[in-house]
Structure formats: C-alpha cells, structure tokens
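A.B. asks: here is my input; please provide its structure:
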Amino acid sequence: MSNIDPAPDERTVCDGPAEGVEQAVELLEPRSVPLGGPRAMPVRRVLPHRDRRMVGAWCFIDSYGPTDVNAGPGMQVPPHPHIGLQTVSWLLDGEILHQDSLGSRSLVRPGQLNLMTAGAGIAHSEQSPPARSPHLHGVQLWIAQPEAHRHGEAHFEQHDALPTLTAPGGTTTVINGELGGAASPARTCSPLVGAEIALRPGGQVRLPLEPDFEHAVLALAEPLEVGGTPLGTGSLLYLGHGRRELALRAETATRALLIGGVPFEEELVMWWNFVARSHEEIVEARRGWEAERTGTGAGRFGAVAGYDGDALPAPELPGARLRARPRHR
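C.D. replies: Numbering: from 1, shown residues only. Below you'll find the model as predicted:
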C-alpha cells in the first residue's frame, strides 16, 4: 500500500524505552484518507498519528472496509517504491492481488499473510482483482527495519498456515513474531508481535504479553472493549509497556489486532513510502524512483511486470529540510 497523501509529512522516531513500567493508556483516532484519489476507496489511517508515531517497530497502519468493491474500482494502487520497511497485508474479507519487481504475483485472501521486505528497495502494486468477492475488509501495516537489516535484499513471502491460540472466548492467530509460545513463520527484523483476535459473542480473551514490549490494540470491527476501554472501528488503544497480560471482551462477534515490540531506538525520517535516516536518503530515493519511472535512469527499485498502467509519481519534496521529530508528542 502507498501513502498517497499529496504532501506527506516527514516523521522521525527517537528515544528508547523509558525507565520503569509505563502503564499509560492512550486512545488514537484514525483519519480518513482516499486511496488512489478523491473518488477512490477510503482507508482509516491511525499511524503515524500526531500524538504517537510508532508502537515498537510498527510505524504505519491503514485499515479499510468492509467496502462494497463491486460498486467501484475497489483497491487500485499503481506500482510505487519502498525502502527500509516491511509491509504486512492481512484481510478479513475479499482479495488483493500483489505484484512486485521481484516477479512475485500473489493473491492474498483472508487468513493468509503477505509480507514484503523492502530492504534497499522494491516496487509493488496492489489491486482488487477483476474476479472478486463483493466486499473488501482488511488492514496493512508497515514495520520499520533496523539499521542492520534496512540495506539488505528485498524479499516477498506468503504464509497460509499460521499458529493459533484457542480459548473459550475466541481464537488468536499469530501473524508476526511470537505470542504465548506460538511463533509465526514470517521473518522479523526486530523483536515484535502482531496477532489477530477473533472474539465470539459474549467472549473474553486474556493474552500473555511480553513486559519489555510496548503494545497497542487496533479495533477491526466494533463493539470492542480492551481493558475496560471501548474502541470504535479503526481506533488504536496504546497500552504502554510493562504489561504481562491483556483482557479483551465483546458482546457480539468482533475482531481486533494486537501489535507490539521493543521500543524502536533508532532515529527515523519517514516521507511518502520511504523509511530512512536522513533528508539526503529521502532525496536520493525519490530521485532514483523518478528516474526509473520516467525511463531516464536505472535504479534499485525495478519494474512491476504484469501491471497494466503507469507507475505512481512521487510527490514534490517540501521546501524545508526533512527533520527529526520525537516518537510521540
């Protein structure tokens, strides 16, 4: 997925984990962003947020739907570049066709994980396929890669069989990292967790947490109550770190996403679809993408074979130098 804001903010994350136990609870509300233009499918963007820009290494969250994709084009995101991050695509309903510059062509369906590692550079597209289910409902997240991994080779993987934790109140699927002794097969670049919780009507689930992680819960559908706090669809409840367990409950069947990880200590600059460390890296990545896109030079991203249409142009850089910002206000 692309950050298609015409004037994307730069984002920088700094500072490490605070001393002691942080039990802060902070409710972050999403904003609506059109994905692909004013008449395109809207998404709910909750990270980066003006008050908090990361949870562990998780640095970007778009949730969407349920949307009737037979009444319009659905998701149509042309080829666009990424550096320094992993994209996590997870669906509750519908299908998305992923194609990338490695030659990958993969249709992701509910219960399957699409994980793309950008490293030094990759390009990909995401589309609702011509033959598709009537509704699309899902989430895409970005994970910032640490310095030791961000210059590595690009990679794509799809996982159909993911571990689950079953309780009377619902089922938890471990998408990334490890939770309660169940480990996802997906590659990770830093200690983290990502898991979908499917609650049964009137169900309650208690999850074991890693106290060294900071955690947050994203409501994928409502109504949902997390630790006594009600959440609306697309809202993110930041839980701080130091917790050893978490209780979720719902009166009707619903779903949520748990994310967490060791607080990310490296300073980042985020702009458009790039996660970097400096203004100069952003400028160079944009220059390289535009040269490839317009056919005026070779670069590190590559072409997305099989996509019928033009690649996405990069927005203009702001007049001021991209600068560091704290990981939270």
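
A.B. asks: check which helix or strand covers Arg293.
C.D. replies: helix 279-294 (DSSP states H and E).

A.B. asks: so which elements touch that helix?
C.D. replies: strand 269-271, strand 274-276 (3 or more C-beta pairs under 8 Å, 6 or more residues apart in numbering; DSSP states H and E). Where you see a C-beta, it was placed from the backbone N, CA and C, and this is true even at glycine.

A.B. asks: mind checking those strands for the one nearest to Trp142?
C.D. replies: For the helices and strands packed on helix 279-294, distance to Trp142 was read as C-beta to C-beta. The smallest value, 7.1 Å, belongs to strand 274-276.

A.B. asks: so what touches the closest one?
C.D. replies: Residues outside strand 274-276 that contact it (C-beta atoms under 8 Å, 6 or more residues apart in numbering) are 59, 81-85, 142, 144-145, 150, 268-270, 281-282, 285-286.

A.B. asks: looking at the chain, which helix or strand is least sure?
C.D. replies: The weakest-scoring helix or strand in the chain, judged by mean pLDDT, DSSP states H and E, is strand 31-35 (a mean of 90).

A.B. asks: buried ones in that one?
C.D. replies: Within strand 31-35, the residues that count as buried by 16 or more other C-beta atoms under 10 Å are 33, 35.

A.B. asks: for the residue lying farthest from the centre of the chain, helix, strand, or coil?
C.D. replies: Distance from the C-alpha centroid of the chain peaks at Thr296, with 31.5 Å (C-alpha atoms, centre = their mean). Three-state call for Thr296 (DSSP: H, G, I helix; E, B strand; the rest coil): coil.

A.B. asks: residues contacting the spatially closest residue to it that is not a sequence neighbour?
C.D. replies: Counting by C-beta to C-beta, 6 or more residues apart in numbering, the nearest residue to Thr296 once its immediate chain neighbours are dropped is Glu290, at 7.9 Å. Residues near Glu290 by C-beta under 8 Å, 6+ apart: 296, 313-314.

A.B. asks: same thing with Ala186?
C.D. replies: By C-beta under 8 Å, 6+ apart, Ala186 lies in contact with 113, 115, 157, 159, 175-176.

A.B. asks: mind checking how far the closest residue to it other than its chain neighbours is from Glu251?
C.D. replies: Counting by C-beta to C-beta, 6+ apart, Ala186 lies nearest to Leu115, which is 4.9 Å off, once chain neighbours are set aside. Applying C-beta to C-beta, to the nearest Å, the value for Leu115 to Glu251 is 33 Å.

A.B. asks: what do you get for Pro315?
C.D. replies: In terms of C-beta to C-beta, Pro315 sits 44 Å off from Glu251.

A.B. asks: which one's more surrounded, these two?
C.D. replies: Applying other C-beta atoms under 10 Å to Pro315 and Glu251 shows that Pro315 carries more neighbours, namely 15 against 12.

A.B. asks: just the element for the residue most central in space within the chain, please.
C.D. replies: The chain has Leu141 as the residue nearest its centroid, 0.5 Å off, counting by C-alpha atoms, centre = their mean. Here Leu141 sits within strand 135-144, counting by DSSP H and E.

A.B. asks: tell me which residues of that strand come out buried.
C.D. replies: Buried, per 16+ other C-beta under 10 Å, within strand 135-144: 136-144.

A.B. asks: so the nearest residue to Gly65 once chain neighbours are set aside versus Leu220, what's the distance?
C.D. replies: Distance criterion C-beta to C-beta, 6+ apart; nearest residue to Gly65, sequence neighbours excluded, is His137 at 3.4 Å. Distance of His137 to Leu220, given as C-beta to C-beta: 8 Å.

A.B. asks: what sits against the residue nearest to Gly227 when sequence neighbours are not counted?
C.D. replies: Computed as C-beta to C-beta, 6+ apart, the closest residue to Gly227 that is not its neighbour in sequence is Ala247, at 6.0 Å. Shown in contact with Ala247 (C-beta under 8 Å, 6+ apart): 204-207, 226-227.

A.B. asks: immediately after the strand holding Leu141, which helix or strand?
C.D. replies: The helix or strand immediately downstream of strand 135-144 is strand 155-159, counting by DSSP H and E.

A.B. asks: and that following strand, which strands flank it?
C.D. replies: Strand pairing for strand 155-159, using DSSP bridges, gives strand 113-117 (antiparallel).

A.B. asks: quick one: the strand it pairs with to strand 135-144, angle?
C.D. replies: 30 degrees (axes from the mean of the first three to the mean of the last three C-alpha atoms, to 10 degrees).

A.B. asks: count the residues that sit near the nearest residue to the residue nearest to the centre of the chain once chain neighbours are set aside.
C.D. replies: Sequence neighbours aside, Val88 is the residue nearest to Leu141 in space, at 4.5 Å (criterion: C-beta to C-beta, 6+ apart). Look at Val88: counted by other C-beta under 10 Å, it has 24 neighbours.
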